[in-house]
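Participant: how would this look folded up:
(one chain, ligands or ions: 1)
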Amino acid sequence: MKKVITYGTYDLLHEGHINLLRRAKELGDYLIVGVTSDSFDRGRGKLNVCNNVLERIEAVRRTGYADEIVIEDYVGQKIDDIQRYDVDTFAIGSDWEGKFDYLKEYCEVVYLPRTEGISSTMLRDEKQRIIRVGIAGCGSIARRFVPESSFVSGVTITGIYDTEPSAAESFVQNLNTGHIFDSYEALLEGVDAVYIATPHLSHYRLAKQAIVARKHVLCEIPLTLNREEAAELYALAEQNGVVLMEAHKTAHCPAFNHLMVMIKSGVIGEVVDVEASLSRLLPDKTRREFDATQAGGSLYESGSYPLLPIFRLLGTKYENLNLYSRMENGVDIFTKGVIRYPRAVCSFKLGLGVKTEGNLIISGTKGYAYVEAPWWKTDYFELRYEDQNQNKKFFYKWDGDGLRYEIQEWISCILNSRLTSSRLRRQESIAMAGVMQQFTERKNFIEI
Ligand code: CTP
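Facilitator: Prediction:
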(Lines give C-alpha, C1' and ligand atoms only; values in the text may rest on other atoms or scores of the structure.)
Protein backbone atom coordinates (compact mmCIF):
# COMPACT_ATOMS: atom_id res chain seq x y z
CA MET A 1 0.00 0.00 0.00
CA LYS A 2 1.39 3.40 -1.00
CA LYS A 3 0.95 6.00 1.75
CA VAL A 4 0.83 9.73 1.02
CA ILE A 5 0.93 12.54 3.56
CA THR A 6 0.11 16.25 3.17
CA TYR A 7 -0.21 19.20 5.54
CA GLY A 8 -2.04 22.51 5.79
CA THR A 9 -4.16 24.83 7.87
CA TYR A 10 -7.28 24.31 5.70
CA ASP A 11 -8.96 27.44 7.01
CA LEU A 12 -12.29 28.28 5.31
CA LEU A 13 -11.89 25.17 3.16
CA HIS A 14 -11.95 26.10 -0.50
CA GLU A 15 -11.67 24.63 -4.00
CA GLY A 16 -7.86 24.93 -3.95
CA HIS A 17 -7.70 22.70 -0.86
CA ILE A 18 -10.14 20.17 -2.38
CA ASN A 19 -8.13 19.97 -5.63
CA LEU A 20 -4.92 19.55 -3.66
CA LEU A 21 -6.38 16.76 -1.50
CA ARG A 22 -7.76 14.96 -4.58
CA ARG A 23 -4.40 15.15 -6.36
CA ALA A 24 -2.57 13.98 -3.25
CA LYS A 25 -4.94 11.04 -2.85
CA GLU A 26 -4.39 10.07 -6.51
CA LEU A 27 -0.66 9.69 -5.80
CA GLY A 28 -1.24 6.56 -3.68
CA ASP A 29 -3.70 4.32 -1.84
CA TYR A 30 -3.91 5.91 1.59
CA LEU A 31 -3.91 9.64 2.36
CA ILE A 32 -2.92 11.11 5.73
CA VAL A 33 -3.72 14.81 6.18
CA GLY A 34 -1.93 16.85 8.83
CA VAL A 35 -4.02 19.79 10.03
CA THR A 36 -2.21 22.47 12.04
CA SER A 37 -3.26 22.99 15.67
CA ASP A 38 -4.47 26.43 16.72
CA SER A 39 -1.45 26.93 18.99
CA PHE A 40 0.98 25.83 16.26
CA ASP A 41 -0.49 28.41 13.87
CA ARG A 42 -0.38 31.12 16.52
CA GLY A 43 3.20 30.15 17.33
CA ARG A 44 4.25 30.64 13.70
CA GLY A 45 2.61 34.04 13.57
CA LYS A 46 -0.59 33.00 11.75
CA LEU A 47 -2.94 34.96 13.98
CA ASN A 48 -5.83 35.40 11.59
CA VAL A 49 -7.15 31.85 11.14
CA CYS A 50 -10.98 31.91 11.27
CA ASN A 51 -11.91 28.25 11.89
CA ASN A 52 -10.67 26.42 14.95
CA VAL A 53 -8.83 23.13 14.63
CA LEU A 54 -11.98 21.00 15.15
CA GLU A 55 -13.85 22.87 12.42
CA ARG A 56 -10.89 22.58 10.06
CA ILE A 57 -10.52 18.83 10.71
CA GLU A 58 -14.24 18.36 10.09
CA ALA A 59 -14.02 20.27 6.79
CA VAL A 60 -11.12 18.08 5.62
CA ARG A 61 -12.98 14.93 6.71
CA ARG A 62 -16.05 15.97 4.70
CA THR A 63 -14.04 16.14 1.46
CA GLY A 64 -13.89 12.33 1.66
CA TYR A 65 -10.26 12.23 0.49
CA ALA A 66 -8.52 11.78 3.85
CA ASP A 67 -8.13 8.24 5.16
CA GLU A 68 -6.57 9.57 8.35
CA ILE A 69 -6.25 13.03 9.86
CA VAL A 70 -3.49 13.99 12.29
CA ILE A 71 -2.81 17.25 14.09
CA GLU A 72 0.44 19.06 13.31
CA ASP A 73 1.61 20.66 16.53
CA TYR A 74 5.35 21.21 16.38
CA VAL A 75 8.22 22.10 14.09
CA GLY A 76 9.93 18.92 12.88
CA GLN A 77 6.79 16.80 13.22
CA LYS A 78 6.73 16.03 9.49
CA ILE A 79 9.89 13.91 9.79
CA ASP A 80 8.45 12.11 12.83
CA ASP A 81 5.13 11.44 11.05
CA ILE A 82 6.77 10.18 7.87
CA GLN A 83 8.76 7.66 9.90
CA ARG A 84 5.95 6.76 12.31
CA TYR A 85 3.34 6.15 9.59
CA ASP A 86 5.84 4.65 7.13
CA VAL A 87 4.94 7.22 4.49
CA ASP A 88 6.06 6.81 0.86
CA THR A 89 5.21 10.26 -0.53
CA PHE A 90 5.00 13.74 0.94
CA ALA A 91 2.82 16.04 -1.19
CA ILE A 92 2.24 19.78 -0.91
CA GLY A 93 1.13 22.65 -3.17
CA SER A 94 3.56 24.26 -5.59
CA ASP A 95 3.62 27.49 -3.55
CA TRP A 96 6.03 25.55 -1.31
CA GLU A 97 8.30 24.48 -4.23
CA GLY A 98 11.74 23.54 -2.89
CA LYS A 99 10.86 24.27 0.75
CA PHE A 100 10.44 20.62 1.71
CA ASP A 101 13.35 19.10 -0.23
CA TYR A 102 14.92 18.23 3.12
CA LEU A 103 12.28 15.49 3.44
CA LYS A 104 13.73 13.66 0.38
CA GLU A 105 16.00 11.87 2.83
CA TYR A 106 12.90 10.15 4.24
CA CYS A 107 10.45 9.75 1.33
CA GLU A 108 9.49 10.95 -2.13
CA VAL A 109 8.56 14.68 -2.21
CA VAL A 110 5.99 15.88 -4.74
CA TYR A 111 4.96 19.52 -5.33
CA LEU A 112 1.45 19.52 -6.77
CA PRO A 113 0.10 22.35 -8.94
CA ARG A 114 -1.63 25.00 -6.85
CA THR A 115 -5.10 26.17 -7.90
CA GLU A 116 -4.80 29.75 -9.11
CA GLY A 117 -6.94 32.60 -7.85
CA ILE A 118 -8.05 31.29 -4.47
CA SER A 119 -6.60 31.14 -0.97
CA SER A 120 -7.77 31.25 2.64
CA THR A 121 -6.20 34.70 2.93
CA MET A 122 -8.39 35.97 0.06
CA LEU A 123 -11.53 34.48 1.59
CA ARG A 124 -10.72 35.93 5.02
CA ASP A 125 -10.28 39.38 3.48
CA GLU A 126 -13.58 39.13 1.58
CA LYS A 127 -15.47 37.84 4.58
CA GLN A 128 -14.07 40.26 7.04
CA ARG A 129 -15.26 43.67 7.97
CA ILE A 130 -12.28 45.98 7.92
CA ILE A 131 -11.89 48.28 10.93
CA ARG A 132 -10.57 51.71 10.01
CA VAL A 133 -8.10 52.73 12.70
CA GLY A 134 -6.85 56.23 13.44
CA ILE A 135 -3.62 56.84 15.33
CA ALA A 136 -3.35 59.75 17.75
CA GLY A 137 0.26 60.57 18.59
CA CYS A 138 3.17 59.83 16.26
CA GLY A 139 5.90 58.82 18.71
CA SER A 140 8.09 55.71 18.65
CA ILE A 141 5.46 53.28 19.91
CA ALA A 142 2.99 54.40 17.22
CA ARG A 143 5.72 53.79 14.62
CA ARG A 144 5.94 50.19 15.77
CA PHE A 145 2.15 49.84 15.72
CA VAL A 146 1.92 50.29 11.94
CA PRO A 147 4.09 47.36 10.77
CA GLU A 148 2.72 45.18 13.57
CA SER A 149 -0.87 45.82 12.46
CA SER A 150 -0.06 44.33 9.05
CA PHE A 151 0.05 40.89 10.71
CA VAL A 152 -3.57 41.20 11.80
CA SER A 153 -6.57 40.70 9.49
CA GLY A 154 -9.46 43.12 9.52
CA VAL A 155 -7.55 46.29 10.24
CA THR A 156 -6.45 49.20 8.11
CA ILE A 157 -4.79 52.39 9.30
CA THR A 158 -6.57 55.27 7.69
CA GLY A 159 -5.96 58.35 9.81
CA ILE A 160 -3.11 60.02 11.65
CA TYR A 161 -3.21 62.93 14.05
CA ASP A 162 -0.51 64.64 16.08
CA THR A 163 -0.53 68.05 17.78
CA GLU A 164 2.78 68.56 15.94
CA PRO A 165 1.92 68.55 12.18
CA SER A 166 5.54 67.89 11.15
CA ALA A 167 5.58 64.71 13.29
CA ALA A 168 2.44 63.49 11.50
CA GLU A 169 3.97 64.29 8.12
CA SER A 170 7.20 62.40 8.70
CA PHE A 171 5.17 59.50 10.16
CA VAL A 172 3.02 59.22 7.04
CA GLN A 173 6.01 59.58 4.72
CA ASN A 174 8.19 57.03 6.52
CA LEU A 175 5.49 54.45 7.01
CA ASN A 176 3.57 55.13 3.84
CA THR A 177 0.26 54.90 5.62
CA GLY A 178 -2.89 56.84 6.41
CA HIS A 179 -4.15 60.32 5.84
CA ILE A 180 -3.27 63.24 8.13
CA PHE A 181 -6.16 64.91 9.94
CA ASP A 182 -5.66 68.37 11.35
CA SER A 183 -7.75 67.87 14.45
CA TYR A 184 -8.58 65.00 16.75
CA GLU A 185 -12.31 65.58 16.13
CA ALA A 186 -11.78 65.20 12.37
CA LEU A 187 -9.75 62.04 12.92
CA LEU A 188 -12.56 60.54 15.00
CA GLU A 189 -15.08 61.30 12.29
CA GLY A 190 -13.04 59.44 9.69
CA VAL A 191 -12.40 56.19 11.57
CA ASP A 192 -14.10 53.33 13.45
CA ALA A 193 -11.50 53.02 16.15
CA VAL A 194 -8.57 54.94 17.55
CA TYR A 195 -5.17 53.96 18.97
CA ILE A 196 -4.09 56.55 21.52
CA ALA A 197 -0.31 56.80 21.75
CA THR A 198 -0.01 60.33 23.11
CA PRO A 199 1.68 61.42 26.38
CA HIS A 200 0.10 60.00 29.56
CA LEU A 201 -1.76 63.09 30.74
CA SER A 202 -3.86 63.32 27.58
CA HIS A 203 -5.10 59.69 27.68
CA TYR A 204 -8.23 60.30 29.76
CA ARG A 205 -9.45 63.25 27.70
CA LEU A 206 -8.76 61.66 24.31
CA ALA A 207 -10.19 58.28 25.30
CA LYS A 208 -13.36 59.90 26.67
CA GLN A 209 -13.82 62.00 23.56
CA ALA A 210 -13.46 58.92 21.34
CA ILE A 211 -15.83 56.79 23.43
CA VAL A 212 -18.51 59.51 23.44
CA ALA A 213 -18.13 59.65 19.64
CA ARG A 214 -18.75 55.84 19.71
CA LYS A 215 -15.27 54.89 18.55
CA HIS A 216 -13.43 51.85 19.89
CA VAL A 217 -10.26 52.70 21.82
CA LEU A 218 -6.90 51.06 22.32
CA CYS A 219 -5.02 53.30 24.73
CA GLU A 220 -1.35 53.08 25.61
CA ILE A 221 -0.42 52.38 29.23
CA PRO A 222 -1.13 53.88 31.69
CA LEU A 223 -4.78 54.31 30.69
CA THR A 224 -5.14 56.99 33.36
CA LEU A 225 -3.41 57.90 36.61
CA ASN A 226 -6.64 57.93 38.57
CA ARG A 227 -8.97 55.11 39.61
CA GLU A 228 -12.24 57.05 39.20
CA GLU A 229 -11.26 58.21 35.74
CA ALA A 230 -10.44 54.66 34.63
CA ALA A 231 -13.72 53.32 36.07
CA GLU A 232 -15.63 56.15 34.38
CA LEU A 233 -14.05 55.37 30.99
CA TYR A 234 -14.94 51.67 31.19
CA ALA A 235 -18.52 52.48 32.25
CA LEU A 236 -18.81 54.98 29.43
CA ALA A 237 -17.46 52.45 26.91
CA GLU A 238 -20.06 49.93 28.09
CA GLN A 239 -22.87 52.49 27.72
CA ASN A 240 -21.73 53.42 24.23
CA GLY A 241 -21.20 49.82 23.13
CA VAL A 242 -17.53 50.29 22.25
CA VAL A 243 -14.40 48.34 23.14
CA LEU A 244 -11.97 50.12 25.45
CA MET A 245 -8.69 48.30 25.92
CA GLU A 246 -5.43 49.25 27.57
CA ALA A 247 -2.48 48.51 25.27
CA HIS A 248 -0.67 46.28 27.73
CA LYS A 249 1.73 44.13 25.72
CA THR A 250 2.38 41.57 28.45
CA ALA A 251 -1.32 40.92 28.97
CA HIS A 252 -1.50 39.60 25.41
CA CYS A 253 1.78 37.69 25.41
CA PRO A 254 1.03 33.99 24.69
CA ALA A 255 3.77 32.62 26.99
CA PHE A 256 2.80 34.92 29.87
CA ASN A 257 -0.83 33.86 29.59
CA HIS A 258 0.12 30.21 29.58
CA LEU A 259 2.26 30.74 32.67
CA MET A 260 -0.64 32.46 34.45
CA VAL A 261 -3.15 29.68 33.73
CA MET A 262 -0.65 27.00 34.73
CA ILE A 263 -0.05 28.71 38.07
CA LYS A 264 -3.79 29.25 38.57
CA SER A 265 -4.24 25.51 38.05
CA GLY A 266 -1.86 24.79 40.92
CA VAL A 267 1.44 23.69 39.39
CA ILE A 268 3.45 25.51 42.11
CA GLY A 269 0.82 25.17 44.84
CA GLU A 270 -0.57 28.22 46.60
CA VAL A 271 1.07 31.49 45.56
CA VAL A 272 2.54 33.36 48.54
CA ASP A 273 4.90 35.81 46.88
CA VAL A 274 5.30 37.55 43.51
CA GLU A 275 8.39 39.60 42.79
CA ALA A 276 8.54 41.48 39.51
CA SER A 277 11.07 44.05 38.37
CA LEU A 278 11.78 46.19 35.39
CA SER A 279 14.47 48.80 34.83
CA ARG A 280 15.72 50.89 31.95
CA LEU A 281 18.61 53.33 32.39
CA LEU A 282 17.98 56.37 30.26
CA PRO A 283 21.02 58.67 30.17
CA ASP A 284 19.20 61.55 28.45
CA LYS A 285 17.54 63.34 31.36
CA THR A 286 15.77 65.80 29.05
CA ARG A 287 13.37 63.10 27.91
CA ARG A 288 9.66 63.11 28.74
CA GLU A 289 10.23 60.19 31.11
CA PHE A 290 12.08 62.57 33.48
CA ASP A 291 9.64 65.46 33.20
CA ALA A 292 7.37 65.78 36.24
CA THR A 293 4.97 68.06 34.36
CA GLN A 294 4.38 65.27 31.82
CA ALA A 295 3.86 62.54 34.44
CA GLY A 296 7.34 61.10 33.97
CA GLY A 297 8.90 58.64 36.37
CA SER A 298 9.29 54.91 36.64
CA LEU A 299 5.93 54.03 38.25
CA TYR A 300 3.77 55.89 35.74
CA GLU A 301 6.01 54.72 32.90
CA SER A 302 6.10 51.00 33.60
CA GLY A 303 4.19 50.20 36.82
CA SER A 304 1.43 48.47 34.83
CA TYR A 305 3.83 45.63 33.92
CA PRO A 306 4.66 44.18 37.37
CA LEU A 307 1.14 44.90 38.63
CA LEU A 308 -0.31 42.55 36.01
CA PRO A 309 1.04 39.20 37.34
CA ILE A 310 0.36 40.38 40.91
CA PHE A 311 -3.27 41.28 40.23
CA ARG A 312 -3.82 38.32 37.93
CA LEU A 313 -2.61 35.81 40.52
CA LEU A 314 -3.75 37.41 43.78
CA GLY A 315 -6.58 39.69 42.74
CA THR A 316 -7.06 43.41 43.11
CA LYS A 317 -8.29 43.41 46.72
CA TYR A 318 -5.00 43.86 48.53
CA GLU A 319 -4.88 45.03 52.13
CA ASN A 320 -2.08 47.51 51.87
CA LEU A 321 0.45 48.98 49.46
CA ASN A 322 3.62 50.79 50.51
CA LEU A 323 5.69 52.71 48.03
CA TYR A 324 9.37 53.60 48.51
CA SER A 325 10.88 55.95 45.93
CA ARG A 326 14.13 57.70 45.10
CA MET A 327 13.03 61.04 43.65
CA GLU A 328 14.98 63.32 41.31
CA ASN A 329 13.52 66.62 40.06
CA GLY A 330 10.02 65.55 41.02
CA VAL A 331 10.05 62.12 39.33
CA ASP A 332 10.76 58.69 40.79
CA ILE A 333 13.90 57.32 39.21
CA PHE A 334 13.31 54.21 41.31
CA THR A 335 10.25 52.86 43.10
CA LYS A 336 9.82 49.75 45.14
CA GLY A 337 6.28 48.70 46.01
CA VAL A 338 5.24 46.16 48.62
CA ILE A 339 1.68 44.85 48.39
CA ARG A 340 0.22 42.84 51.26
CA TYR A 341 -2.63 40.39 50.79
CA PRO A 342 -4.26 38.34 53.59
CA ARG A 343 -2.07 35.30 52.78
CA ALA A 344 0.58 36.64 50.40
CA VAL A 345 3.02 39.47 49.94
CA CYS A 346 4.25 40.85 46.63
CA SER A 347 6.86 43.37 45.64
CA PHE A 348 7.97 45.15 42.54
CA LYS A 349 10.93 47.33 41.60
CA LEU A 350 10.95 49.86 38.80
CA GLY A 351 13.91 51.93 37.68
CA LEU A 352 14.62 54.67 35.18
CA GLY A 353 17.72 55.92 36.97
CA VAL A 354 18.56 52.73 38.88
CA LYS A 355 19.44 49.42 37.25
CA THR A 356 18.24 46.13 38.65
CA GLU A 357 17.67 42.55 37.51
CA GLY A 358 14.40 42.56 35.58
CA ASN A 359 12.96 39.15 36.33
CA LEU A 360 9.70 37.69 37.61
CA ILE A 361 9.65 35.13 40.42
CA ILE A 362 6.40 33.60 41.63
CA SER A 363 6.82 31.55 44.79
CA GLY A 364 4.37 28.87 45.81
CA THR A 365 3.98 26.17 48.44
CA LYS A 366 5.11 23.43 46.00
CA GLY A 367 7.61 25.23 43.79
CA TYR A 368 8.31 28.49 42.00
CA ALA A 369 8.15 29.99 38.54
CA TYR A 370 11.18 31.82 37.24
CA VAL A 371 10.97 34.12 34.24
CA GLU A 372 14.20 35.78 33.27
CA ALA A 373 14.53 39.37 32.06
CA PRO A 374 12.86 40.76 30.08
CA TRP A 375 9.96 38.79 31.57
CA TRP A 376 7.37 41.33 30.33
CA LYS A 377 7.89 39.93 26.82
CA THR A 378 8.08 36.35 28.02
CA ASP A 379 9.23 33.73 25.55
CA TYR A 380 10.69 31.34 28.08
CA PHE A 381 10.00 30.35 31.68
CA GLU A 382 10.88 27.63 34.13
CA LEU A 383 8.98 25.85 36.85
CA ARG A 384 11.39 24.82 39.60
CA TYR A 385 10.93 22.38 42.46
CA GLU A 386 12.77 21.00 45.47
CA ASP A 387 13.36 17.82 43.46
CA GLN A 388 15.19 19.29 40.49
CA ASN A 389 14.25 16.30 38.34
CA GLN A 390 10.75 17.76 38.23
CA ASN A 391 11.92 21.14 36.87
CA LYS A 392 10.41 22.06 33.54
CA LYS A 393 11.38 24.65 30.92
CA PHE A 394 8.85 26.15 28.52
CA PHE A 395 9.75 27.92 25.28
CA TYR A 396 7.51 30.08 23.09
CA LYS A 397 7.72 32.50 20.24
CA TRP A 398 7.35 36.24 20.68
CA ASP A 399 7.04 37.73 17.22
CA GLY A 400 8.32 41.16 16.26
CA ASP A 401 7.56 43.89 18.77
CA GLY A 402 4.67 41.85 20.16
CA LEU A 403 2.10 44.56 19.49
CA ARG A 404 0.36 42.27 17.01
CA TYR A 405 -1.09 40.21 19.88
CA GLU A 406 -2.84 43.16 21.51
CA ILE A 407 -3.99 44.53 18.15
CA GLN A 408 -5.40 41.14 17.22
CA GLU A 409 -7.34 40.87 20.50
CA TRP A 410 -8.64 44.42 20.16
CA ILE A 411 -9.85 43.86 16.58
CA SER A 412 -11.30 40.48 17.50
CA CYS A 413 -13.24 42.10 20.39
CA ILE A 414 -14.55 44.77 17.99
CA LEU A 415 -15.56 42.33 15.25
CA ASN A 416 -17.22 39.95 17.69
CA SER A 417 -18.87 42.68 19.83
CA ARG A 418 -16.97 41.49 22.90
CA LEU A 419 -16.69 44.58 25.05
CA THR A 420 -14.12 43.15 27.47
CA SER A 421 -11.10 40.96 27.17
CA SER A 422 -10.18 38.33 29.74
CA ARG A 423 -6.53 39.09 29.05
CA LEU A 424 -6.71 42.36 30.97
CA ARG A 425 -9.85 42.62 33.04
CA ARG A 426 -11.44 45.97 33.71
CA GLN A 427 -10.94 45.68 37.46
CA GLU A 428 -7.23 44.97 36.92
CA SER A 429 -6.82 48.01 34.71
CA ILE A 430 -8.77 50.17 37.19
CA ALA A 431 -6.67 48.86 40.11
CA MET A 432 -3.49 49.77 38.19
CA ALA A 433 -4.80 53.33 37.86
CA GLY A 434 -5.48 53.20 41.62
CA VAL A 435 -1.82 52.44 42.31
CA MET A 436 -0.75 55.39 40.15
CA GLN A 437 -3.19 57.57 42.06
CA GLN A 438 -1.82 56.45 45.42
CA PHE A 439 1.64 57.50 44.26
CA THR A 440 0.35 60.88 43.03
CA GLU A 441 -1.31 61.43 46.41
CA ARG A 442 1.88 60.25 48.20
CA LYS A 443 -0.12 57.86 50.39
CA ASN A 444 1.88 55.17 52.23
CA PHE A 445 4.83 56.73 50.47
CA ILE A 446 8.36 57.04 51.77
CA GLU A 447 11.17 58.81 49.96
CA ILE A 448 14.51 57.00 50.20
N1 CTP B 1 -3.37 25.06 -1.85
C2 CTP B 1 -3.54 24.90 -3.22
N3 CTP B 1 -4.16 25.88 -3.94
C4 CTP B 1 -4.60 27.00 -3.34
C5 CTP B 1 -4.44 27.18 -1.95
C6 CTP B 1 -3.80 26.17 -1.23
O7 CTP B 1 -3.13 23.89 -3.77
N8 CTP B 1 -5.17 27.93 -4.07
C9 CTP B 1 -2.67 24.03 -1.10
C10 CTP B 1 -1.42 24.50 -0.38
O11 CTP B 1 -0.32 24.52 -1.29
C12 CTP B 1 -1.25 23.43 0.68
C13 CTP B 1 -2.70 23.09 1.03
O14 CTP B 1 -3.50 23.58 -0.04
O15 CTP B 1 -0.64 22.29 0.14
C16 CTP B 1 -3.14 23.73 2.34
O17 CTP B 1 -2.80 25.11 2.26
P18 CTP B 1 -3.22 26.24 3.26
O19 CTP B 1 -1.97 26.98 3.62
O20 CTP B 1 -4.05 25.70 4.33
O21 CTP B 1 -4.15 27.14 2.30
P22 CTP B 1 -4.01 28.62 1.75
O23 CTP B 1 -5.28 28.95 1.04
O24 CTP B 1 -2.73 28.77 0.95
O25 CTP B 1 -3.93 29.44 3.12
P26 CTP B 1 -3.33 30.90 3.43
O27 CTP B 1 -3.94 31.85 2.45
O28 CTP B 1 -3.75 31.14 4.86
O29 CTP B 1 -1.83 30.77 3.29
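Participant: If we ignore the residues flanking it in sequence, what's nearest the residue in the stretch 201-350 of the chain positioned nearest to the ligand?
Facilitator: Using CB to the nearest ligand atom, residue 254 is the residue of the stretch 201-350 of the chain that sits closest to the ligand, at 19.3 Å. For every residue, glycine as well, the C-beta is placed using N, CA and C. Closest residue to residue 254 apart from its sequence neighbours, by CB to CB, 6 or more residues apart in numbering: residue 396 at 5.7 Å.
Participant: what's the answer for residue 392, then?
Facilitator: Leaving aside its sequence neighbours, residue 392 sits nearest to residue 383 (CB to CB, 6+ apart; 4.8 Å).
Participant: is it true that the residue nearest to residue 254 touches residue 43?
Facilitator: Yes - Residue 396 lies in contact with residue 43 (CB atoms under 8 Å); the separation is 7.0 Å.
Participant: Between these two, which contacts overlap?
Facilitator: Residues touching both residue 396 and residue 43 (CB atoms under 8 Å, 6 or more residues apart in numbering): residue 254.
Participant: which residues does the residue nearest to residue 392 bridge with?
Facilitator: Using DSSP bridges, the bridge partners assigned to residue 383 are residue 369, residue 392.
Participant: ok, it - contacts?
Facilitator: 262, 267-268, 367-369, 391-392, 394.
Participant: For residue 277, see how far away it is.
Facilitator: When CB to CB, to the nearest Å is the yardstick, residue 383 and residue 277 sit 20 Å from each other.
Participant: can you check residue 291 too?
Facilitator: To residue 277, residue 291 is 24 Å away according to CB to CB.
Participant: Who has more neighbours out of those two?
Facilitator: Set residue 291 next to residue 277 and count neighbours by other CB atoms under 10 Å: residue 277 wins out with 21 against 16.
Participant: Would you agree residue 429 is in contact with residue 224?
Facilitator: No - if you go by CB under 8 Å, residue 429 and residue 224 don't touch, sitting 9.2 Å apart.
Participant: if I look at the two, which residues touch both of them?
Facilitator: residue 230.
Participant: quick one, which of these two is more surrounded?
Facilitator: Just comparing residue 429 and residue 224: by other CB under 10 Å the higher neighbour count belongs to residue 429, 31 against 26.
Participant: Not counting its neighbours along the chain, what's nearest that one?
Facilitator: In space, and not counting its chain neighbours, residue 429 is closest to residue 246: 4.9 Å by CB to CB, 6+ apart.
Participant: Just say helix, strand or coil for the one you found.
Facilitator: Classification of residue 246 using DSSP: H, G, I helix; E, B strand; the rest coil returns strand.
Participant: Next one: it from residue 209, what distance?
Facilitator: 17 Å.
Participant: Look at these two and report which has more neighbours.
Facilitator: Using other CB under 10 Å as the criterion, residue 246 and residue 209 rank with residue 246 on top: 28 against 17.
Participant: For the closest residue to residue 66 other than its chain neighbours, give me the pLDDT.
Facilitator: With sequence-adjacent residues excluded and distances taken as CB to CB, 6+ apart, residue 66 is closest to residue 33, at 4.3 Å. At residue 33, the model reports a pLDDT of 98.
Participant: cool, and residue 177?
Facilitator: You'll see residue 177 listed with a pLDDT of 81.
Participant: Alright, that wraps it up for me.
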